[in-house]
Structure formats: C-alpha cells, structure tokens
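Student: any chance you could fold what I've pasted below:
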Amino acid sequence: MEINASLRRIHLHSPQPGVLANFYQKTYGLHSQKFGPNWICRAAGREFGVSEGQAGQLKYALFGFKKASDWKAFLKRTESLTRADLSDIPQLPEGSVGFTDPEGNMTVFCLPPHVDAPHERDALSMPAALQHFAMRTQSIEPMVKFYSEQLGYVVSDRVLDEKGNLKACFLRTDKMHHAMALFSASVRGFDHQSYETPDWSHMKNWADHMGQHRNTIVWGIGRHGPGDDVFFMVRDPDENLAEISSEIEVCKGDRPVGIWRHEERTLNLWGKAIMRT
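Tutor: The predicted model follows:
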C-alpha cells in the first residue's frame, strides 16, 4: 500500500546558487524568491530550491500528502524514527517532519496548504509537475531498505546485473511508477529530477522551449524500461540532469515487482543510455 504522498520540491546545494536559481526560473518557468541564503522557486505543480554548497548534492526532497488521513497514518508509521532538524529550511508548511537516510540525504514530509499562492502560477503556461528524482548511491541495498521498510515507499522495479547484484531500484509513494530512483554508483550524490507533462504535444513544446534558451538535449528523446515513460534530459549549470517526461506508468495496487537486466536497453528501450556505473 502506497503512503499516497507526491513530490513537491527538490532543494539542491550549489557553489553558484543565484545562477542555478536563475536557470530554473527561465528554463522551467518558476518565480524565484530569496530567503536569507536560500532561493525558493515556484510554479504550479513544481518547486525548486537551492542553497550554497557543494554541487551535485541534495539538501532535501519535499513530499506532500493530499489527505489528512494519509498524513496521520504516515506520522504513526514513523513515530519511532529520529526526526531531522529542519530549523534552517525556509518555506515549509507548519508541522513538517524530516528524516535522514543512511547516506545523509534528507526527505521532508508535510500536509501542504489546500490553495497555492498567486506567485505559484505557471509563468510559461506550460504544464509540468515535479514527479520524481534520482540519487546515485554507494550503498544501494541499505538505501532501499530505509525507504521501503522505514518510510513506506513501494518498490516498483529492480535492475540486476548478471550476478544478481542490485544496480538500480525504482520506488513509488503513490500510483505513479516511481517518485524516487536509486542508482548504484562509485560516487554518491544527486542524479536528476523529472517534470511530468500531460502528453507528447507538450513534450514537443518543452523541447522547443529548451531550444529557444539554447539548452542542449543531452539524452533523448527516449523511452525508459522501468516506468515506460518517454523523456529527454538537459543539464543545468552544475551539470545536474533535469528531465521532461510523459506517459509514466500508473501502477495498480497488486502490481508485482518488475525485474530488469542491467543494460542500456533497460534505461532506454530505444537505444543509448547514461549508465551510472
């Protein structure tokens, strides 16, 4: 059973926070505000934050619950877990709680306000909702165990090498195929964030928009195996991947865990892929 939360915001560290905030403001149609050393950028369905620090590292991911009953159930589930200190994180709904995974990444959960503020309207009038993100990890098994057994994420698909070692895992928090992906890698850190569009037509509009801003598509257009979504990716000024996707799988409650081979065709059914190992 999914916890029924959805991704609302990704907040990264950067040695050039103003530059990164400006990139997402222009590229993804966000409205930026500065809160002390932090930037928070918003539009309908998507938020991005950035603070000064090492490039390629996650400060936190923010998930929101739509139903009070699901929120209460999650608080009950996690009541025995140690909560993270959220005192340096701006613009969180009252009562938010956070947890730190085995590699020090923070995830924050909240029951968000029912009505978006006026400044959260989409500056581009192009729909795209923040849908998932991915991390590179040096300890994928403990990470999967933390998110699935402690926080209640559901494993949708596992990617195994020829020896049966876990190389990637896709976990969901609602009916969408994955809200988080974990890739086994030699270096830990942030991998990408993904914005889901309604259909192919909107993907074309987003691709045209990237071209107008001279943002090169570095991977795609393609189709992932796990999740079955079509996608393309660009890189931000810190070399983080940012994805536009569509048609991601909607999972039934009794969906069995999928098993995939560790190969390029798993990450892109149409051809070349960015491999993390």
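Student: contacts, neighbours, all on C-alpha from now
Tutor: Will do.
Student: just give the number of residues close to T197.
Tutor: Per other C-alpha atoms under 10 Å, the neighbour tally for T197 reads 22.
Student: just S87 next, same as before
Tutor: 7.
Student: what about it, which helix or strand?
Tutor: Assigned by DSSP states H and E, S87 belongs to no helix or strand.
Student: mind listing the helices in the stretch 1-150 of the chain by residue range?
Tutor: 17-28, 68-77, 140-145 (DSSP state H, counting those that start in this stretch).
Student: so where is the protein shaky, pLDDT-wise?
Tutor: Applying pLDDT under 70 to the chain picks out residues 114-124.
Student: picking up where we left off before, the helices of the stretch 1-150 of the chain into CSV, with extra columns for mean neighbour count and distance to Q91?
Tutor: What follows is the helices of the stretch 1-150 of the chain, written out as CSV (neighbours: other C-alpha atoms under 10 Å; distance: least, C-alpha to C-alpha, whole Å):
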stretch, mean neighbour count, distance to Q91
helix 17-28, 20, 16
helix 68-77, 14, 19
helix 140-145, 18, 27
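Student: what sits against A168?
Tutor: Contact analysis of A168 by C-alpha atoms under 8 Å, 6 or more residues apart in numbering lists I140, R158, V159, L160, A181, L182, F183, S184.
Student: what's the separation between the closest residue to the fourth one other than its chain neighbours and E2?
Tutor: Same thing as L160. Nearest residue to L160, sequence neighbours excluded (C-alpha to C-alpha, 6 or more residues apart in numbering): L166, at 4.7 Å. From L166 over to E2 the distance is 22 Å, taken as C-alpha to C-alpha, to the nearest Å.
Student: now P112
Tutor: 18 Å.
Student: the more surrounded of these two?
Tutor: P112 (19 against 16).
Student: who are the neighbours in contact with the more buried one?
Tutor: Taking C-alpha under 8 Å, 6+ apart, one finds G64, F65, K66, P93 in contact with P112.
Student: go on, V234?
Tutor: Residues near V234 by C-alpha under 8 Å, 6+ apart: N215, T216, I217, V218, W219, L241, A242, E243.
Student: one step back: can I get the helices of the stretch 1-150 of the chain in a markdown table including distance to F190?
Tutor: As requested, those are exported to a markdown table (distance: least, C-alpha to C-alpha, whole Å):
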| stretch | distance to F190 |
| --- | --- |
| helix 17-28 | 15 |
| helix 68-77 | 25 |
| helix 140-145 | 14 |
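Student: closest to H11 out of the ones you listed?
Tutor: helix 17-28 (10.4 Å; C-alpha to C-alpha).
Student: what packs against that closest one?
Tutor: strand 31-35, strand 38-43, strand 46-52 (3 or more C-alpha pairs under 8 Å, 6 or more residues apart in numbering; DSSP states H and E).
Student: next secondary structure element downstream of the helix or strand encompassing V159?
Tutor: Here V159 is covered by strand 154-160, with elements defined by DSSP H and E. Next along the chain after strand 154-160, taking DSSP H and E as the criterion, comes strand 166-172.
Student: ok, the helix or strand just after that following strand: who's next to it in the sheet?
Tutor: Next in sequence after strand 166-172, counting helices and strands by DSSP H and E, comes strand 180-184. With DSSP bridges as the test, strand 180-184 is paired with strand 129-137 (parallel), strand 166-172 (antiparallel).
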